[in-house]
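Asker: Sequence first, then the predicted structure, then my questions.
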Amino acid sequence: MTITDFPTTASGVRSPIPDLHAPSPGERALAAARFQLAEASRFLGLDDGMHHMLATPRRSLTVSVPVRREDGRLEVVQGHRVQHNLSRGPAKGGIRFHPATDLAEVTALAMWMTWKCALVGIPYGGAKGGVAVDPAALTPRELERVTRRYVNEILPLIGPEKDIPAPDVGTDEQTMAWIMDTYSANAGYSVPGVVTGKPTALGGSLGRAGATSRGVQIAALQALTRSPEGATVAVQGFGKVGALAAQYLADAGCRVVAVSDAGGAVVRSSGLDVAALRAHAAETGSVHGYRDADPLSRDELLELDVDVLVPAALEGVITADNAPRVRARLVVEGANGPTTPEADLILAGNGATVVPDILANAGGVIVSYLEWVQNTQAYSWSAGEVEVKLRDLMENAYRAVAELAAERGLTLRQAAHAIGVGRVAEAHRMRGLYP
Ligand code: GLU
């Protein structure tokens, strides 16, 4: 079976799947997401109407965000909030600040959130937001103004029972605090449950900051077919997810031999001191120039002969071009959409296992859910209680995916999508169509 075979659904009708080689990275991500959905729909035997409904976001809002720069200039940037699906509960998903984000990318990311929440069994639909700014190029005050104005523009969509944002690439606890404050100021009272990933001082959950990375560690350890002791790991992306994933894997006994970020890559075959590297990156802004390691190109990192490769940055990193040279036995996707559908086929053909994004990086939204539950109850759990619940949900989801994959001869990604998409389709069927 080739990629181009897939866009035809069970009844022979071509479904609306855009070009996998579309010019913008966002359009390629959306093509990949729709391709995965088409595959799952075929496996589940969904009819074309259901497939079409799941391929189409429920609501998309594009807004202009005027921002006053420190020198008095006025600039206008675009922002989006896409609610892909609301059938299983309020929409849930992060907000991304990145200069290249666009509506297509945000739509793909929202669709992945829908399947992710369904797969791990938390009562949410999927959403995502994006603002086309480079947070590193703005002062903290400019960033605050962009955040508050963007939130003001999407205010009709969000709320603790409607759509609950969270951090994603380029946003953090401080961004979430501003969102909570802007929403609360408009409501006239404090609404901590409107956003997750908040500082603990505002009702954030213990364990949320490292939750995605903890989930990556849990998924990697479940998928490893050997002892973690001495298993070699390369991590692409050393930000919020990658740096702590490297740390947690090192804590579990793995040998983290290489890491990269936007500034460069470093390698040390006897194992990097991840804590020292994190301190270096925090101080200088990059892993580049870390003294106890050799420099490496960022492309070479992806092709190292390691047990585990963790892509933990952006989409479309492992492609048809480099997949034939990827030697990692296990790829654990900390990022959303790092492997293209063509690369997936190549990796599977070469015997590599890929723990897909909607499973591997679900720790973040799981602890977001736990945070929202704590906010709703005005109660808080200890770090230990949060960790036990996170581990439980991750391990249950992993087990279900691995079992279906083994039973039906699917890749872990195909099985994960079959479960996630199947649960959403089931919710649609039970609810019926209004009117
Ligand atoms: N941005 C994260 C993700 O892609 C977390 C979303 C959330 O916590 O709502 O899964």
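Answerer: Everything's here; your move.
Asker: for this structure, longest helix please?
Answerer: helix 383-408 (DSSP state H).
Asker: I'd like to know which elements it is packed against.
Answerer: helix 103-120, helix 211-223, helix 357-360, helix 363-377, helix 412-431 (3 or more CB pairs under 8 Å, 6 or more residues apart in numbering; DSSP states H and E). For the C-beta atoms, the positions are set from N, CA and C on the backbone; glycine is no exception.
Asker: which of the ones you listed is buried the deepest?
Answerer: helix 357-360 (a mean of 30; mean count of other CB atoms under 10 Å).
Asker: ok, that one near the ligand or not?
Answerer: No - contact of helix 357-360 with the ligand (CB under 6 Å from any ligand atom) is absent, the minimum separation being 8.0 Å.
Asker: Which residue does the stretch 251-400 of the chain have closest to the ligand?
Answerer: Shortest the stretch 251-400 of the chain-to-the ligand distance, computed as CB to the nearest ligand atom: residue-wise this is Ser368, at 3.2 Å.
Asker: State the distance from Glu39 to Ala415.
Answerer: 11 Å (CB to CB, to the nearest Å).
Asker: Same check on His52?
Answerer: For His52 relative to Ala415 (CB to CB), the value is 23 Å.
Asker: do the same with Pro228
Answerer: Using CB to CB, we find Pro228 at a distance of 23 Å from Ala415.
Asker: again with Ala352
Answerer: From Ala352 to Ala415 the distance is 16 Å (CB to CB).
Asker: Likewise for Trp115?
Answerer: Counting by CB to CB, the gap from Trp115 to Ala415 is 12 Å.
Asker: need the contact list for Tyr183.
Answerer: Val151, Leu155, Ile158, Gly159, Val191, Val194, Val195 (CB atoms under 8 Å, 6 or more residues apart in numbering).
Asker: Please report how far it lies from the ligand.
Answerer: 15 Å (CB to the nearest ligand atom, to the nearest Å).
Asker: Can you verify my assumption that the residue of the stretch 251-400 of the chain closest to the ligand contacts Thr196?
Answerer: Yes - here Ser368 lies in contact with Thr196, judged by CB atoms under 8 Å, at a distance of 3.7 Å.
Asker: Quickly list what's touching both of the two.
Answerer: In contact with both Ser368 and Thr196: Ile164, Ala166, Ser205, Arg208, using CB under 8 Å, 6+ apart.
Asker: Do a quick rundown of the helices in the protein.
Answerer: 25-44, 48-55, 103-120, 140-154, 173-187, 211-223, 240-251, 274-284, 298-302, 341-349, 357-360, 363-377, 383-408, 412-431.
Asker: Val65 is nearest to which of those helices?
Answerer: helix 140-154 (4.9 Å; CB to CB).
Asker: Neighbour count, distance to the ligand and pLDDT added to the shared contacts of Ser368 and Thr196, as JSON lines?
Answerer: What follows is those, written out as JSON lines (neighbours: other CB atoms under 10 Å; distance: CB to the nearest ligand atom, whole Å; pLDDT from 0 to 100):
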{"residue": "Ile164", "neighbour count": "26", "distance to the ligand": "7", "pLDDT": "98"}
{"residue": "Ala166", "neighbour count": "28", "distance to the ligand": "3", "pLDDT": "98"}
{"residue": "Ser205", "neighbour count": "26", "distance to the ligand": "11", "pLDDT": "98"}
{"residue": "Arg208", "neighbour count": "26", "distance to the ligand": "8", "pLDDT": "97"}
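Asker: In space, what's closest to His280 - neighbours in sequence excluded?
Answerer: Once flanking residues are discounted, His280 sits nearest to Tyr290: 4.7 Å by CB to CB, 6 or more residues apart in numbering.
Asker: residues touching that neighbour, list them.
Answerer: Per CB under 8 Å, 6+ apart, neighbours of Tyr290: Val266, Leu272, Ala276, Leu277, His280, Ala281.
Asker: if we go to 7 Å?
Answerer: Val266, Leu277, His280 (CB atoms under 7 Å, 6 or more residues apart in numbering).
Asker: Please apply the same query to Arg148.
Answerer: Trp178, Thr182.
Asker: Verify the stated contact: Leu390 with Gly363.
Answerer: Yes - Leu390 is within contact range of Gly363, at 5.9 Å (criterion: CB atoms under 7 Å).
Asker: Not counting its neighbours along the chain, what's nearest Arg429?
Answerer: Arg429's closest residue in space is Met50 (CB to CB, 6+ apart), at 8.0 Å.
Asker: quick one: the one you found and Glu426 touch, right?
Answerer: No - using CB under 7 Å, Met50 and Glu426 do not qualify as a contacting pair, with a distance of 10.4 Å.
Asker: Count the residues that sit near the closest residue to His288 other than its chain neighbours.
Answerer: Distance criterion CB to CB, 6+ apart; nearest residue to His288, sequence neighbours excluded, is Gly264 at 3.4 Å. The burial count assigned to Gly264 is 17, neighbours taken as other CB atoms under 10 Å.
Asker: Show me what Gly264 is bridged to.
Answerer: Asp261 (DSSP bridges).
Asker: Pretty sure Ile127 sits against His80.
Answerer: Just to correct that, residue 127 is Ala rather than Ile. No - the criterion here is CB under 7 Å, and Ala127 misses it with His80 at 10.4 Å.
Asker: Looking at these two, which is more packed in?
Answerer: Neighbour totals were compared for Ala127 and His80, and Ala127 leads with 34 against 25 (other CB under 10 Å).
Asker: Contacts only, for that one.
Answerer: Arg81, Val82, Gln83, His84, Ala91, Lys92, Gly93, Ala110, Met113, Asp163.
Asker: before we move on, back to that, adding mean pLDDT, write the helices of the chain out as CSV.
Answerer: Listed next are the helices of the chain as CSV, based on pLDDT from 0 to 100:
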stretch, mean pLDDT
helix 25-44, 97
helix 48-55, 97
helix 103-120, 98
helix 140-154, 98
helix 173-187, 98
helix 211-223, 98
helix 240-251, 98
helix 274-284, 98
helix 298-302, 98
helix 341-349, 97
helix 357-360, 98
helix 363-377, 98
helix 383-408, 98
helix 412-431, 98
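Asker: For Met50, see how far away Val259 is.
Answerer: Taking CB to CB, one finds Val259 at 42 Å from Met50.
Asker: same thing with Glu75?
Answerer: For Glu75, the distance to Met50 - CB to CB - is 43 Å.
Asker: the more surrounded of those two?
Answerer: Met50 (17 against 13).
Asker: Give me the buried positions along stretch 150-160.
Answerer: The neighbour-count check on stretch 150-160 (16 or more other CB atoms under 10 Å) flags Tyr150, Val151, Glu153, Ile154, Leu157, Ile158, Pro160 as buried.
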